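[1] need coordinates for the following:
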Amino acid sequence: MNRTTAAIRHERAVAFRDLHAAGRPFVVPNPWDAGTARILAGLGFAALATTGAGLAHSLGRPDGTNQVSRAELLANAALIVEAGGLPVTVDLESGFGERPEDIAETIRLAAAAGLVGGSIEDSTGRDEDPVRPLDEAVERVAAAVAAARELDFPFTVTARAENFFQGRPDLDDTIRRLQAYEAAGADVLYAPALPDADAIRAVCSAVDRPVNVLMGGALKLSVAELGALGVRRISTGSALSRAALGAFTRAAREIAGAGTFDFGADALPYAEVNALLTHADPPPAPGAPASDAPHSGARAFDAPHSAAPTPGAPHSAVAPGRGA
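    Have a look, this model is predicted:
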């Protein structure tokens, strides 16, 4: 029997929520376009997250300057949903508006675009005051949660505390903010750019909701090690897109500077790229009925089952903006 797009979305939303309730961490890598989404889906990841920075850079714009519109961001996210056929959580930056009503509308539009989760951060985009006052930030998270609860599927709301990401390394205030966002109903909590394992453990021990941690930078911890600290979800932010840009820039500099083309030795073979983009069972276009599961080969990228969570690790059911 054919299932409707709404039924597929509901199934993906439940699957995404349930990933957070498992007793081990999972990775949501961050594609920035349809091709990278399709590659990641083919490699067996169970869910994906978008990257605001990766999108901005792909459009030829710097990140963190409010130069990507909500419509552009959601159009990109919809392409990722269609190409990957997996649950996708979207980086909604600071929500695209100053009023709580604006945040609620952004959540509704994200749901309409096929997303099953989204993050709201407490940054302002203003250099002079980069992080919102706590009461204002809580009101915005509460508006996102209220809008999500009105949907006919479990939309996972992630609340982000941006202190460390904005150059304000205040762990106590970060924890205080995450606890307030949890009280406001956020399903997942996220403080990008935590500096070390001790800070991650402190955050995970201070809250009861699942915690997302950003990896791919200077912090060198494995999936298993993060799980032992209490982490439930791991995202890569813009790291994958910047890795691709790094390879591109090194190759271009070699051509421009040395006049050589040795970079080609590291390029994926043409046939392999084609193979990565032609894995079986492409998802239906939005609005079209489908008879397949969202992605028959999807599997969580799990830590070894022996990596049990430490005491204080979040255990409830159901999770990143800038640079992420």
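
[2] show me what contacts the closest residue to Ala142 other than its chain neighbours?
    Distance criterion CB to CB, 6 or more residues apart in numbering; nearest residue to Ala142, sequence neighbours excluded, is Ala184 at 4.3 Å. Backbone N, C-alpha and C define where each C-beta goes, glycine included. With contact set as CB atoms under 8 Å, 6 or more residues apart in numbering, Ala184 has these partners: Val138, Val141, Ala142, Val145, Ala159.

[3] please compute how far the helix or strand where the fourth one lies lies from its chain's middle.
    With elements delineated by DSSP states H and E, Val145 resides in helix 134-149, which encompasses its position. What separates the centre of helix 134-149 from the centre of its chain is 19 Å, taken as CA atoms, centre = their mean, to the nearest Å.

[4] export that helix as PDB, just CAs?
    Extracted C-alpha coordinates of helix 134-149, given in PDB (Å, rounded to 0.1, in the frame of the first residue of the first chain):
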ATOM      1  CA  LEU A 134      18.600  34.700  29.000                       C
ATOM      2  CA  ASP A 135      14.900  35.600  29.500                       C
ATOM      3  CA  GLU A 136      14.600  36.600  25.900                       C
ATOM      4  CA  ALA A 137      16.400  33.400  24.700                       C
ATOM      5  CA  VAL A 138      14.100  31.300  26.800                       C
ATOM      6  CA  GLU A 139      11.000  32.900  25.400                       C
ATOM      7  CA  ARG A 140      12.200  32.100  21.900                       C
ATOM      8  CA  VAL A 141      12.900  28.500  22.700                       C
ATOM      9  CA  ALA A 142       9.500  28.200  24.300                       C
ATOM     10  CA  ALA A 143       7.900  29.600  21.100                       C
ATOM     11  CA  ALA A 144       9.700  27.100  19.000                       C
ATOM     12  CA  VAL A 145       8.600  24.200  21.300                       C
ATOM     13  CA  ALA A 146       5.000  25.400  21.300                       C
ATOM     14  CA  ALA A 147       4.900  25.500  17.500                       C
ATOM     15  CA  ALA A 148       6.500  22.100  17.300                       C
ATOM     16  CA  ARG A 149       3.900  20.600  19.700                       C
END
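
[5] and the next element down the chain from it?
    strand 156-160.

[6] which residues sit against the next helix or strand after that following strand?
    Sequence-wise, the next helix or strand downstream of strand 156-160 (DSSP H and E) is helix 171-183. Residues external to helix 171-183 that are found in contact with it (CB under 8 Å, 6+ apart): 122, 134, 137-138, 141, 159, 161, 163-164, 189, 191, 194, 199, 202-203, 206-209.

[7] output helix 171-183 as PDB, nothing but the C-alphas.
    Extracted in PDB, the C-alpha atoms of helix 171-183 (Å, rounded to 0.1, in the frame of the first residue of the first chain):
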ATOM      1  CA  LEU A 171      30.700  27.300  31.400                       C
ATOM      2  CA  ASP A 172      28.500  28.100  34.300                       C
ATOM      3  CA  ASP A 173      26.400  30.500  32.300                       C
ATOM      4  CA  THR A 174      26.300  28.000  29.400                       C
ATOM      5  CA  ILE A 175      25.000  25.300  31.800                       C
ATOM      6  CA  ARG A 176      22.500  27.700  33.300                       C
ATOM      7  CA  ARG A 177      21.200  28.500  29.800                       C
ATOM      8  CA  LEU A 178      20.900  24.900  28.800                       C
ATOM      9  CA  GLN A 179      19.000  24.100  32.000                       C
ATOM     10  CA  ALA A 180      16.600  27.000  31.300                       C
ATOM     11  CA  TYR A 181      16.100  25.800  27.700                       C
ATOM     12  CA  GLU A 182      15.400  22.300  29.000                       C
ATOM     13  CA  ALA A 183      12.800  23.800  31.400                       C
END
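
[8] counting neighbours, which bits of it end up buried?
    Across helix 171-183, burial judged by 16 or more other CB atoms under 10 Å covers Leu171, Thr174, Ile175, Arg177, Leu178, Gln179, Ala180, Tyr181, Glu182.

[9] how about stretch 222-236?
    Here stretch 222-236 shows Val223, Leu226, Gly227, Ala228, Leu229, Gly230, Val231, Arg232, Arg233, Ile234, Ser235, Thr236 as buried, counting by 16+ other CB under 10 Å.

[10] wait, which of these is closest to Asp102?
    Nearest to Asp102 among these: Ser235, at 24.5 Å, using CB to CB.

[11] check contacts around Val90.
    By CB under 8 Å, 6+ apart, the neighbours of Val90 are Ala49, Thr50, Leu73, Leu74, Ala77, Ala110, Ala113, Leu115, Gly117, Gly118, Ser119.

[12] got the phi and psi for the third one?
    This means Leu73. phi -60, psi -40 (degrees, to the nearest 10).

[13] mind listing the strands for this structure?
    26-28, 48-49, 88-91, 117-121, 156-160, 188-190, 211-214, 233-235 (DSSP state E).
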